[in-house]
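Trainee: below is the sequence, then the predicted model.
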Amino acid sequence: MYRLKSERGVLLIVSLFILFLTTTYGAGFLLAYEAQIQTYKSLEFMKLRVTMEIINSYRNM
């Protein structure tokens, strides 16, 4: 059976590189998700404000 051997610390460097890639990918995914949630919140606030303006225009008639 073949076993991985660390030749002069190469395995450590490769594992750190893979850790860096997965951490970067995870952070990018979370930032994209946060931006999407912020967009939805902004759209919801804008829709609420427009609805309030429409209601106020009917009250002032």
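Mentor: The structure has been received and is ready for your questions.

Trainee: number of residues surrounding Met52?
Mentor: 10 (other C-beta atoms under 10 Å). All C-beta spots, glycine's among them, are computed from the backbone N, C-alpha and C.

Trainee: and it, how far from Tyr58?
Mentor: Met52 is 11 Å from Tyr58, where distance means C-beta to C-beta, to the nearest Å.

Trainee: with Leu21 instead?
Mentor: For Leu21, the distance to Tyr58 - C-beta to C-beta - is 56 Å.

Trainee: which of the two has more neighbours?
Mentor: Leu21 (10 against 7).

Trainee: element containing the more buried one?
Mentor: helix 10-59 (DSSP states H and E).

Trainee: other SSEs contacting that helix?
Mentor: Of the remaining helices and strands, none touches helix 10-59 by 3 or more C-beta pairs under 8 Å, 6 or more residues apart in numbering; DSSP states H and E.

Trainee: so Arg8: helix, strand or coil?
Mentor: coil (DSSP: H, G, I helix; E, B strand; the rest coil).

Trainee: what does the pLDDT read for it?
Mentor: We have a pLDDT of 72 for Arg8.
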